[in-house]
Structure formats: structure tokens, C-alpha cells
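Engineer: could you look at this predicted model? Sequence included:
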Amino acid sequence: MIDMTPNLTLVVAIGVLFAAGVYLLLERSLSRVLIGVILLGNGANLLFLVAGGRAGRPPIVGTAAEGQMSDPLPQAMVLTAIVITLGMTAFLLAMAYRSWQLQRHDEVQDDVEDRRIARLAAIDERAVTDADTEATAQSLDEEAEEARDETDEGAVPGQEPRREQGVTP
């Protein structure tokens, strides 16, 4: 019987890595977001390895009994997670570097339009009017009945239906 209970220290480490990573992702500084992505990636890698169970013999058929082999899927998932984390790290490093070149800081600023929408939401007012629904008092069913179907012959007013070449009516 294989013991599948995870080590409590590893479970706590996974929780700390995920908590710190999520906290840092919510910051405005790109360097903190970068560290948060790295912590989340390492937490995911550790989670995959803990979920994979105890290490065993190499997963090569014929070298060990089936119950003693390690599962290769968690190892493949960790390799994939490493590649994804590396790509995200490179992307965030490039963004932080470009932000430092242009503004001499890596702080992400609020967008003016976001501020305007938030201010309108605070007073419960619409940012834009929806001309499709407010211009007419028709229901969706009534609008659907009036809509033309371009697949019907003669659907376009003033235009004859298309005919196949070589076919006469």
C-alpha cells in the first residue's frame, strides 16, 4: 500500500507561496507583480509534485513493478509550468524595463477613462447610452421578426435572388 499523505511542511509552503504571490500580484509596481508571478509559479510546481505522490522507480516498463513506479505526469506538468513561468517572467521584465526607460519608475498608473467610469458608477449613472435598446420600445422578439434573413431568396429589397449558373427558372 502506497502512503499518499503529503508532508505538512510542503503543504504550508505551498499555501505561503500562493498567498504571497496573490498579494504581490495585486500591487501596482511591476517588479512586485513579477515577484508574485514567480512565487505563484513555484507554488504551482510544488503543488504538482506533492499531488504526484511519493517518488518511486523510473517509469520505464519492465524495470520495476507497476505499483513502485513514479507517475510521470506531475513531472511533465512541472516542466510545462516552468516554461510558462519563464515566459511570463520575461514578458514582465520587458514591461518593467520599458516603463523604467519612459517614466523612471515601474508603477502602473490609473487610466483616465477608468477613473471616469468609476466616478459614474459611484453615483449610479450610465457612462454611455445604449442606442439599440433605448431608441425603440420593441422587445427582442419583435426585433427578431423584423430582421431580414440573408439566406432567404429575395431577402434584399430591390435585388433579384441569386441563381445558380446554367439553371433557368
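Structural biologist: That came through fine.
Engineer: for the rest of this, base every contact and every neighbour count on C-alpha atoms.
Structural biologist: Will do.
Engineer: buried residues of stretch 51-63, list them for me.
Structural biologist: Neighbour-count burial for stretch 51-63, with 16 or more other C-alpha atoms under 10 Å as criterion, is recorded at 52-54.
Engineer: same question but for stretch 112-122, I mixed them up
Structural biologist: Within stretch 112-122, judged by 16+ other C-alpha under 10 Å, no residue is buried.
Engineer: cool, and stretch 104-114?
Structural biologist: Buried residues in stretch 104-114 (16+ other C-alpha under 10 Å): 106-107.
Engineer: if we can go back for a sec, which of the buried residues of stretch 51-63 sits closest to residue 26?
Structural biologist: Closest to residue 26 out of these is residue 52 (29.9 Å), distances taken as C-alpha to C-alpha.
Engineer: check contacts around the closest residue to the closest one other than its chain neighbours.
Structural biologist: Of all residues not flanking residue 52 in the chain, residue 74 sits nearest, at 5.5 Å (C-alpha to C-alpha, 6 or more residues apart in numbering). Shown in contact with residue 74 (C-alpha atoms under 8 Å, 6 or more residues apart in numbering): 48-49, 51-52.
Engineer: cool, and residue 48?
Structural biologist: Contacts of residue 48 by C-alpha under 8 Å, 6+ apart are 74-75, 77-78.
Engineer: can you redo the residues you listed as JSON lines with pLDDT, secondary structure and distance to residue 33?
Structural biologist: Listed next are the contacts of residue 48 as JSON lines, based on pLDDT from 0 to 100; DSSP: H, G, I helix; E, B strand; the rest coil; distance: C-alpha to C-alpha, whole Å:
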{"residue": "74", "pLDDT": "87", "secondary structure": "helix", "distance to residue 33": "26"}
{"residue": "75", "pLDDT": "86", "secondary structure": "helix", "distance to residue 33": "26"}
{"residue": "77", "pLDDT": "90", "secondary structure": "helix", "distance to residue 33": "23"}
{"residue": "78", "pLDDT": "92", "secondary structure": "helix", "distance to residue 33": "21"}
